[in-house]
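S.K.: just a sequence and a predicted model for now, questions to come.
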Amino acid sequence: MATSTKINLRPLDDRVVVEPSEAEETTAGGIVLPDSAKEKPQRGTVVAVGPGKLLDSGARGEVSVAVGDTVIYGKYGGSDIEVDGREMKILRENDILAKVL
Amino acid sequence: MATSTKINLRPLDDRVVVEPSEAEETTAGGIVLPDSAKEKPQRGTVVAVGPGKLLDSGARGEVSVAVGDTVIYGKYGGSDIEVDGREMKILRENDILAKVL
Amino acid sequence: MATSTKINLRPLDDRVVVEPSEAEETTAGGIVLPDSAKEKPQRGTVVAVGPGKLLDSGARGEVSVAVGDTVIYGKYGGSDIEVDGREMKILRENDILAKVL
Amino acid sequence: MATSTKINLRPLDDRVVVEPSEAEETTAGGIVLPDSAKEKPQRGTVVAVGPGKLLDSGARGEVSVAVGDTVIYGKYGGSDIEVDGREMKILRENDILAKVL
Amino acid sequence: MATSTKINLRPLDDRVVVEPSEAEETTAGGIVLPDSAKEKPQRGTVVAVGPGKLLDSGARGEVSVAVGDTVIYGKYGGSDIEVDGREMKILRENDILAKVL
Amino acid sequence: MATSTKINLRPLDDRVVVEPSEAEETTAGGIVLPDSAKEKPQRGTVVAVGPGKLLDSGARGEVSVAVGDTVIYGKYGGSDIEVDGREMKILRENDILAKVL
Amino acid sequence: MATSTKINLRPLDDRVVVEPSEAEETTAGGIVLPDSAKEKPQRGTVVAVGPGKLLDSGARGEVSVAVGDTVIYGKYGGSDIEVDGREMKILRENDILAKVL
């Protein structure tokens, strides 16, 4: 479920494609994010990462997450898309709260 | 449908002209964006690209998409125009979520 | 109708004076912007251009359109004024979406 | 009416004192701005100009209008004051749309 | 009434303490600002001036008014305080429209 | 009442902890700020000061008030906390209008 | 209760994970923040700290709090998550008002 299948989408800017986790049971790390808790952040797996935010200097800022990372993100941020029959989120890096180690 | 016909419009700044895709069946890349899903992003083909955002330095930032690219964009961003009888969108680069590889 | 008559108005900053096109038939470039389509952008001819936006450096940014250009702009941007009995718009460069080539 | 009488007010920052024109007939330049057209910009004469906007560098930006200039400005911008029995406006340079040549 | 009595308040940042003028008759400069004109700016005397706005450089911008100056300011800006039984205003420099010469 | 008792709180950024004054009678400086005047600023004593605002350079801006200062501040700014049974305010430096000398 | 147990979450940017204190009695430092006082800030223990805010220079700003610190924060800021059966908050550094010494 949390396998980081390669997808053929390249997000722009500092956007990240995340596949939401379906598992609700306690994870290895002990973090519980029940799907029924509407106002709570959600957990997912990063499946694609953009080139990073364009800085004023013309360079791009490094994105803090990588493909395969498990992340916690705000439920209402980003846009929903469907890739290969799987529901995914396109989020900005800023909508990602934390990385699960 | 996704042919990148040349049009005689030059968008200003970091704007991009996109022709929305009409096909709703699963694409080669497996990305489904049904037209009936009102709140979902849409897919289209880039038909014209502006010179890029004017930076504080006076230079212009490079636009991340090129004519012919297939892109995913938020449905409610941008302005609708009609060129040669075809409905098109003028979007800012920022309204484009991802490029389909 | 789209003749770029010289007018004695000098817009400030990055403002541009545009005379809206009255023709609704398909243009040479095939771009149709019917006047009845209230929510659509409009087409017009640039009749005066300001010195450009004052940058932090004290220099002014170059305006991307010139007198005589045909432009597409958002209908609700800018201010209406009447010059020599003709209705005109004073817009900021930012309200201009594209230049018709 | 459009005489630029000297007044003893020094506007701060990039502010400008403008005396609205009372004449509604077509001007030499052919610009008509009827007082009854509530939503339209107005015409007036600059009677005092501030030192210019304080830039981040500590210097001040040059104001684009001078005492005696006839200008077009948004009707609802600025503050009304009465000087020597004459109604005047204190506007920011940014509220001035164009200079009549 | 417009005497610039020294007060023991030191405004922070680019704030200024102003004592509103009570006189409604035409001033020497001919500027009338009747107290009954609710939507009009008011006139007052500067009684204390802050050190100036902290710039990004760490320096402070010079305040354009000095103790004793008569100024015109927007009626609804700032905060009212009472010092020695006299009603005063604490305003930011930006709320002051002009200095009476 | 206005004794600047040391407290064991270190505000972050440019925040300041202020203990509101309870005295309503005229102060030595003649400044009256009655508690019943709901819309008026209040007076208090600074009991803790943060390290200052983080500037773009990475340095911190100096805070303009020090422990022991009597200050005037907007009543509705900041957060209320209770320390050792005394009601206090945590304010940003920007919410402080003036220092009483 | 205020033990700073290590958790396997790495907050992004300048975010901080805080475990709210359950104790309502007066603390060693004498700071009372009753849970029933809805509009008051709350106290908690920092259990994870992000790398700091990405500055324009590309460097990251140092976070002012460390794991184990007791902090005061606004009740309505941040997001709630559950880690190992314990309710926690993910806050931005900016939502933290003060550190308890």
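M.R.: The structure has been received and is ready for your questions. In this text, all values refer to a predicted model and were calculated from it rather than measured experimentally.

S.K.: now do the contacts for the most centrally placed residue in chain A.
M.R.: The residue lying closest to the centre of chain A (Cα atoms, centre = their mean) is residue A:18, at 3.2 Å. Contact criterion Cβ atoms under 8 Å, 6 or more residues apart in numbering or on different chains gives A:44-47, A:71, A:73, A:78, A:88-89, A:91, A:96 as the residues in contact with residue A:18. Using the backbone N, CA and C atoms, a C-beta is placed for each residue, glycine as well.

S.K.: distance to chain F, neighbour count and secondary structure added to those, as JSON lines?
M.R.: Formatted as JSON lines, the contacts of residue A:18 follow (distance: Cβ to the nearest Cβ, whole Å; neighbours: other Cβ atoms under 10 Å in any protein chain shown; DSSP: H, G, I helix; E, B strand; the rest coil):
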{"residue": "A:44", "distance to chain F": "31", "neighbour count": "23", "secondary structure": "strand"}
{"residue": "A:45", "distance to chain F": "34", "neighbour count": "21", "secondary structure": "strand"}
{"residue": "A:46", "distance to chain F": "30", "neighbour count": "22", "secondary structure": "strand"}
{"residue": "A:47", "distance to chain F": "35", "neighbour count": "23", "secondary structure": "strand"}
{"residue": "A:71", "distance to chain F": "26", "neighbour count": "25", "secondary structure": "strand"}
{"residue": "A:73", "distance to chain F": "26", "neighbour count": "27", "secondary structure": "strand"}
{"residue": "A:78", "distance to chain F": "29", "neighbour count": "20", "secondary structure": "coil"}
{"residue": "A:88", "distance to chain F": "36", "neighbour count": "23", "secondary structure": "strand"}
{"residue": "A:89", "distance to chain F": "32", "neighbour count": "21", "secondary structure": "strand"}
{"residue": "A:91", "distance to chain F": "27", "neighbour count": "24", "secondary structure": "strand"}
{"residue": "A:96", "distance to chain F": "23", "neighbour count": "28", "secondary structure": "strand"}
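
S.K.: closest one of the residues you listed to chain G?
M.R.: The shortest gap between chain G and any of those belongs to residue A:96, at 5.5 Å (Cβ to the nearest Cβ).

S.K.: that closest one reaches residue A:78, doesn't it?
M.R.: No. With contacts counted by Cβ atoms under 8 Å, residue A:96 stays clear of residue A:78, the gap being 9.5 Å.

S.K.: and which of the contacts of residue A:18 is nearest to residue G:53?
M.R.: residue A:96 (14.5 Å; Cβ to Cβ).

S.K.: for chain D, what's the nearest residue on chain A?
M.R.: With Cβ to the nearest Cβ as the measure, residue A:56 is the residue of chain A nearest to chain D, at 14.0 Å.

S.K.: what distance do you get for residue A:41 to residue A:20?
M.R.: Residue A:41 sits 11 Å away from residue A:20, taking Cβ to Cβ, to the nearest Å as the criterion.

S.K.: what's the helix or strand for the residue of chain A positioned farthest from its centre?
M.R.: Counting by Cα atoms, centre = their mean, the extreme residue of chain A relative to its mean C-alpha position is residue A:57, 26.8 Å from that point. Under the criterion DSSP states H and E, no helix or strand holds residue A:57.

S.K.: dump the residue contacts of it.
M.R.: Taking Cβ under 8 Å, 6+ apart as the test, what residue A:57 contacts is G:56, G:58.

S.K.: could you check the pLDDT of it?
M.R.: Residue A:57 carries a pLDDT score of 72 in this model.

S.K.: cool, and residue A:32?
M.R.: Each residue has a pLDDT score; the one for residue A:32 is 61.

S.K.: quick one: which of residue A:41 and residue A:20 has more around it?
M.R.: It is residue A:41, of residue A:41 and residue A:20, that has more neighbours when counted by other Cβ atoms under 10 Å in any protein chain shown, with 22 against 19.

S.K.: is it true that the more buried one touches residue A:75?
M.R.: Yes. In this structure, residue A:41 is within contact of residue A:75 by Cβ under 8 Å, at 6.4 Å.

S.K.: for the closest residue to the residue nearest to the centre of chain A other than its chain neighbours, give me its contacts.
M.R.: Residue nearest to residue A:18 in three dimensions, not counting chain neighbours: residue A:44, with 4.0 Å by Cβ to Cβ, 6 or more residues apart in numbering or on different chains. Contacts for residue A:44 were tallied using Cβ under 8 Å, 6+ apart; they are A:18-21, A:70-71, A:73, A:89.

S.K.: do the same with residue A:59
M.R.: If you count contacts by Cβ under 8 Å, 6+ apart, residue A:59 has them with residue G:58.

S.K.: where's it relative to chain E, distance?
M.R.: Relative to chain E, residue A:59 is positioned 21 Å away (criterion: Cβ to the nearest Cβ, to the nearest Å).

S.K.: please apply the same query to residue A:68.
M.R.: 40 Å.

S.K.: now do the SS call for that residue.
M.R.: coil (DSSP: H, G, I helix; E, B strand; the rest coil).

S.K.: give me the number of residues near residue A:98?
M.R.: Around residue A:98 there are 28 other residues, counting by other Cβ under 10 Å.

S.K.: pLDDT weak spots in chain A?
M.R.: Under the criterion pLDDT under 70, the flagged ranges of chain A are A:1-6, A:23-40.

S.K.: got the residues of it near chain B?
M.R.: Counting by Cβ under 8 Å from any Cβ of the partner chain, the positions of chain A adjacent to chain B are A:7-13, A:15, A:17, A:48, A:50-51, A:54, A:56, A:58, A:79-85, A:90.

S.K.: from these, list the buried ones, please.
M.R.: By neighbour count, with 16 or more other Cβ atoms under 10 Å in any protein chain shown, the residues of chain A next to chain B hold A:7-13, A:15, A:17, A:48, A:50-51, A:54, A:79, A:81-83, A:90 as buried.

S.K.: residue A:56 contacts residue B:55, doesn't it?
M.R.: Yes. When contacts are counted by Cβ under 8 Å, residue A:56 is listed as touching residue B:55 (6.8 Å).
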